[in-house]
Every structure is written in structure tokens, then in C-alpha cells.
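S.K.: Let's see this in three dimensions:
(2 chains)
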Amino acid sequence: MADIQKLQQIASQVRRDIIRQTHYATCGHPGASLGCADFLTALYFDVMEHNPSFKMDGKEEDVFYLSNGHISPLWYSVLARSGYFDVSELATFRKLNSRLQGHPATHEGLPGVRVASGSLGQGLSVAIGHALAKKLDGDDRLVYVLTGDGELQEGQNWEAMMFAAHHKVDNIIATVDWNGQQIDGPNDEVISLGDLPAKWASFGWEVIQMNGNDMQEVLNTLYKAKEMTGNGKPVVILMKTEMGFGVDFMMGTHKWHGVAPNAEQAEIALSQLEETLGDYIYSE
Amino acid sequence: MTTITNKSMLDNIVSTGKKSTREGYGAGLYELGKQNPKVVALCADLIGSLKIQEFIKEFPERFFQVGVAEANMMGIAAGLATAGKIPYTGTFANFSTGRVYDQIRQSIAYSHKNVKVCASHAGLSLGEDGATHQILEDIGLMKMLPGFTVINPCDYNQTKAATIAIAEHYGPVYLRFGRPGWPVFTPENQKFEIGKAVMLNEGTDVSIFATGHLVWNAVEAARELAKQNISCELVNIHTIKPLDEEAVLESVRKTKCVVTAEEHQIHGGLGDSIAQLLARKMPSPIEYVAVNDTFGESGTPMQLLNKYGLGASDIVQAVHNVLKRK
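M.R.: Down below sits the predicted model:
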């Protein structure tokens, strides 16, 4: 298991990248991107066995799918920082002729992305499909997928959950970013998710919970989840996160779901996040 | 363009009996399963309707029952394709397209996935189940998606051949077929070439471009018109996208007028594709045999095709109408 401090340093730089990408683009989704930064850092820099010289079919390696595609600035940062493409490309986020589309896409050939996402509720199904293929091929690597919590209001997720349990797709680890917030407000005010752990469990999944903003707990839980695979049941981690985590004025509200920081806000945010790996260069 | 008959033509087009195009799909999938281990099949609780029992019996590990959950089926197919499989999804045309349009758009079309969306019970000839199940908009929906190939074969043999052929084409394909027993009149074990129109009868007065079940109705119409000394050039457009533009233009250059025939809405189907081509390259009078902006209803396939203006006599009438505008 990796050095926790090193992972925390990477996560700090990833958070800087998120703030700078959304600020320079003057749009994007910083809130949940910041909230999931520890999780995705742990996954790419420690837990997953993956190859940055990207192959679409992901044979003989662990693969990751992002279903809540709007947290693309997080994923792009993690992909760049782990060597899938040059970090300088982060400067093109949401700009014309960029591979870094507002929501992740394969169309422009960005390494690391295997399916477009953004229209919510589709990623779990795609990940399950990939997991089935791995089983057919005798490939014992795992498939990881991250979804939002508001996203679970899409019915396709529940179709996918039923399918995975029925077909014993036990080589998949799904994670739900359970930050309790969505665009129009708290889940409980928009459409309550009810007893989420009980719902997943009743659909036949192994359910684990974790604090997604505690790096040690994230790592421990991910390794525990790995151990739980291969036992006839799919595994889900319900991950409590704080939207905007790491930037004090972005926490405790859904306001920063899809709003970019202006120059002054970005400066304050960056002052709270240590530069550990070097910022990428941005110029107009 | 492929010419499968010489000038003795219409007389050589003979039905060897009736079989459904969906049976052609099942037979093709079974053959393909033996040939290509990458091929996997999915079905949304309609194994019997899609006639894929043989594939499932022979290759159970390569079949995935998804239940009544078409959106999930499309996503799972996208994931299987990402990992290098060639998934064939199976359900009714209505549930293969309109119901899951966004799943197909994002996870398959935009993501360039090698998924074959195979759709049975298309059009009015589904029959008694009524308009909820009789999709007449699917060709339009699917041809609008960038990169999608759209195929509507005309009989059992052609559907079987198309089912096998599309595995060799990398990219998303919509394969549309139907429920009723229908005349089988194209060659057994034919070579199916995506995007290549098939010349069924050479003629000089009018070009009839037909697709799917209506190719047979067009054969009957051409026979009737021959008795009236009207020479019809009859072309089977089994691939609506990419359209065989060269074949269409070559024919219209000679005949100077067009009738299109399809079991689909007048908006968005084969007729639209041909009209758009001709408007750009060779403006010509055109008449459409298609459903005129309305939903279907319960009835037998033949009753419905006749009531909604898709019978052989409707094609004959459309030819008379277009000839007056030449």
C-alpha cells in the first residue's frame, strides 16, 4: 500500500488542477470534482493496475468508467498526472478543438476514456458489459465505475444493478459519490434516495461504506472491496464525500455543483491547496 | 450496383415460399456464432420472437439475457464492444430505438462502439399488437446518428446474409427486420454488400427504390405495370445509410422520375434520403409510398399495409402519378 502522504500531495495538486481548469474555462463542475479527488487519486495512483499507454479494450488491466461525466476536470487531471497525456493539455479544457470536452468523450481520442458520459445513468451498464467480457476472456482484472448519487434517480441504474446480481458479475466495484447534493439542492429535497445501503443490498450487491475524504480510509476500503470480489456478488462502495472538499467556501452547499470560480475566488481556493507537482502552464 | 437478373428480369423473381425476416436473423446469428467467437448476443426477454434459440443452445456462454431492460442492454453492449466483443442486441424495433435513443446516442454512436442493434417487428406488419409496437420512425431516428449504418433487408435470405455481413463491418449498425411470413425471393447464400443497392429489374420509364418488405410489393407492382407497358427500373435499397448514391443517380439519369416505397413514416425514411440526394444532384419528380404522418392500429399485416397505402396497388398508383409529372 502506498505512502498516504504522497497520495495526499497528489490529491492536492489534482484539486489545484480542478480549480484552474474550471476557472480558465469559466464553466464546469468543481464541486463534486473536488469531493471525489481523494478517491480517484487513490484508484489511479495505488489501487488499480493500469497502463497509461492506453488500449481501448483494457485487456489484462483494471479499467475505470466515470458515469457522472460532469466531474471531468477531476478525471482529466488524474489521467494527465498518471501519464495518459501531457499535463499541459489541461489548459485546453472545454476549449474549441480540444480533446478535453466538457463531458468525457472518445470522439477526439483522449487516452483513458472508453465511453462518453454526461447523460447520466449509463456508466454502470457499460462497466458491467466490460466486466462480462473480462469473464469471457478469462481476464481476472477488475472493472471500477463511479456514479453520482443524484444520478441514481435514473432508472437504468436499477436495471443494471438487477442484472449484475442475477448474472453474478463479481468482478466489478461500483462506487457512489454520496455527497447528498445535486443541481437543484439536497437529494432529500429533490428526490430522496431513501435507505441507499438497504436498496443496494436488496438488489443483491455487497455494500460497503466509507468516508471518501479520508485517504487512509479510502485506501483501506478499496483494498477491502477488492478482497470481496470473486465471490458471486457485485460490490458497491457508498462513499460519503463533501462537495467542494479542500476549499472552505465551496463546502457545505450545492452552489458549486456547476459554477466556476472567478479570478478572486480561484486565488483564494488555490491558497488553500498546496502546489505539489507543479501547475500546468495556462495562456490565452 | 449489383445486378442479379438480366433483362428477362421480373419473370425470374420467384418466391420460393414464405418465411419471416426475423427467422433470417436467427439463422444468420447461428451461422455467425460458429464463424466468429467474438460475436455475443443479448436479448431483452424476446428470445422466441427474435428466433435466436439455436445460437443460445450452441453458445450459451456468449448469450446474455437482460430481461425487460432495454436501456441497460444498450449499455452492456457498449461495454462488451469496448472490450473487443461484437454484441448483437435483440428486441422489437420500437424498444431498440425510440425507447433507448439516448443510450444508443451516447454510449454507442458517439462512443464509436461496434454494436449491432438488431430490431425485429418493425413497421405495420407487426400486425395485431397495434401502434404501441409498430414503430414507423426508426429508420429516421437511426440514420440521423452520425456514423450509424442502417440496413433494412427484404426477405429471409437477405436478412440472414446481412446478419452475417455486418460482423465484418467495424462500427454501429441498425439492422431492421419484421415479424410476418414474407415471400422469399432473393438468392440463398447471397453475398451481402453494405451500401450496395441491388438491381432487380432494369427499366426506362420510372425508378422504383424500395426497402424491406415493400421490395416484394414493388415487384408485384412492376409486374402489373409491365402489363400496362410501363417499364419500371426496380432497385432494392437494403442499406439506407450509407445510401448507394451512384446507383440512384445512374437509374434516375435514365428514367427521370422516382417512386420510393418503405414500411416507414414519410418523414425521415428512405424517401427522404433519396429526395435529399436528388435535390442536390438531379432534381426529379418523386412520389412516396410510405405512412403519411399517422400511427398504425391493430389488424393483420396485409390489412394494415393496404389500409395505410403500402400495397402493390399503391405503388402502381404512385408510378402513374409521378409519370404525369415527368
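
S.K.: Could you pull out the strands in the stretch 1-150 of chain A for me?
M.R.: For the stretch 1-150 of chain A, the strands defined by DSSP state E, counting those that start in this stretch occupy A:63-66, A:143-148.

S.K.: Would you tell me which residues of chain A are close to chain B?
M.R.: Residues of chain A lying close to chain B by C-beta under 8 Å from any C-beta of the partner chain are A:56-59, A:65, A:105-107, A:114-119, A:121-134, A:136-137, A:155-156, A:159-160, A:162-163, A:166-167. Yep, even glycine has a C-beta here, placed from its N, CA and C like the rest.

S.K.: Return the subset of these lying in helices.
M.R.: Under the assignment DSSP state H, the residues of chain A next to chain B contribute A:123-134, A:136, A:156, A:159-160, A:162-163, A:166 to helices.

S.K.: hmm, back to that, can you turn the buried part of the residues of chain A next to chain B into a ChimeraX selection?
M.R.: In ChimeraX syntax, the buried subset of those is picked out as below (16 or more other C-beta atoms under 10 Å in any protein chain shown):
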select /A:56,57,58,65,105,106,114,115,116,117,118,119,121,122,123,124,125,126,127,128,129,130,131,132,133,134,136,156,159,160,162,163,167
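
S.K.: The residue in the stretch 201-326 of chain B that chain A sits nearest to: neighbour count?
M.R.: In the stretch 201-326 of chain B, the residue that lies nearest chain A is residue B:241 (18.8 Å; C-beta to the nearest C-beta). Burial of residue B:241 is recorded as 20 neighbouring residues (other C-beta atoms under 10 Å in any protein chain shown).

S.K.: Next, residue A:236: secondary structure please.
M.R.: Here residue A:236 is recorded as strand under DSSP: H, G, I helix; E, B strand; the rest coil.

S.K.: so what's the closest residue in space to residue B:63 that isn't next to it in sequence up against?
M.R.: The spatial neighbour of residue B:63 that comes closest, neighbours along the chain excluded (C-beta to C-beta, 6 or more residues apart in numbering or on different chains), is residue B:56 at 4.6 Å. Shown in contact with residue B:56 (C-beta atoms under 8 Å, 6 or more residues apart in numbering or on different chains): B:41, B:47, B:63.

S.K.: And stretch B:229-243, what's buried?
M.R.: B:230, B:232, B:233, B:234, B:235, B:236, B:237, B:238, B:239, B:240, B:241, B:243.

S.K.: Helices of the chain, start to end?
M.R.: Assuming you mean chain A. Using DSSP H, helices in chain A cover A:4-25, A:30-35, A:37-42, A:72-81, A:123-136, A:156-166, A:187-190, A:196-202, A:215-228, A:263-271.

S.K.: could you do chain B instead?
M.R.: Assigned by DSSP H, the helices in chain B fall at B:21-35, B:47-50, B:53-58, B:70-82, B:93-96, B:101-103, B:138-143, B:156-165, B:214-227, B:245-255, B:270-281, B:301-307, B:312-324.

S.K.: contacting residues around the residue nearest the centre of chain B?
M.R.: The centre of chain B sits closest to residue B:152, judged by C-alpha atoms, centre = their mean, with a distance of 1.2 Å. Taking C-beta under 8 Å, 6+ apart, we find residue B:152 in contact with B:122, B:139, B:176, B:177, B:211, B:212, B:238, B:240, B:262, B:270.

S.K.: Pull the number of nearby residues for the fifth one.
M.R.: By the measure other C-beta under 10 Å, the count of residues near residue B:211 is 30.

S.K.: Likewise for the third one?
M.R.: Residues contacting residue B:176 under the criterion other C-beta under 10 Å number 31.

S.K.: any idea of the pLDDT on the residue lying closest to residue A:17 once chain neighbours are set aside?
M.R.: Spatial nearest neighbour of residue A:17, chain neighbours left out: residue A:77 (3.7 Å); criterion: C-beta to C-beta, 6+ apart. Note for residue A:77: predicted pLDDT of 98.

S.K.: quick one: residue A:152 and residue B:73, what's the gap?
M.R.: According to C-beta to C-beta, to the nearest Å, residue A:152 and residue B:73 sit 19 Å apart.

S.K.: Of the two, which one has the most company?
M.R.: Higher neighbour count among residue A:152 and residue B:73: residue B:73, with 33 against 22, using other C-beta under 10 Å.

S.K.: How far does stretch B:120-129 sit from its chain's centre?
M.R.: Offset of stretch B:120-129 from its chain centre (C-alpha atoms, centre = their mean, to the nearest Å): 13 Å.

S.K.: Report the buried residues of that stretch.
M.R.: Buried positions in stretch B:120-129, judged by neighbour count with 16+ other C-beta under 10 Å: B:120, B:121, B:122, B:123, B:124, B:125, B:126, B:127.

S.K.: any chance of those in a markdown table, plus pLDDT and distance to chain A?
M.R.: As requested, the buried residues of stretch B:120-129 are arranged in a markdown table below (pLDDT from 0 to 100; distance: C-beta to the nearest C-beta, whole Å):
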| residue | pLDDT | distance to chain A |
| --- | --- | --- |
| B:120 | 98 | 21 |
| B:121 | 98 | 21 |
| B:122 | 97 | 23 |
| B:123 | 97 | 27 |
| B:124 | 97 | 29 |
| B:125 | 95 | 29 |
| B:126 | 94 | 24 |
| B:127 | 95 | 29 |
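
S.K.: For the residues you listed, work out which two are farthest apart.
M.R.: Across the buried residues of stretch B:120-129, the longest distance by C-beta to C-beta is 14.0 Å; it joins B:120 and B:124.

S.K.: tally of neighbours for the closest residue in space to residue B:52 that isn't next to it in sequence?
M.R.: Nearest residue to residue B:52, sequence neighbours excluded (C-beta to C-beta, 6+ apart): residue B:26, at 5.0 Å. When counting by other C-beta under 10 Å, one arrives at 25 neighbours for residue B:26.

S.K.: for residue A:188, same thing?
M.R.: Residue A:188: 11 neighbours (other C-beta under 10 Å).

S.K.: follow-up on the earlier one: now, the contacts of residue B:152 that are in strands?
M.R.: Per DSSP state E, strands hold the following members of those: B:176, B:240, B:262.

S.K.: Closest one of those to residue B:158?
M.R.: Using C-beta to C-beta, residue B:176 comes nearest to residue B:158 of the ones in strands among the contacts of residue B:152, at 11.9 Å.
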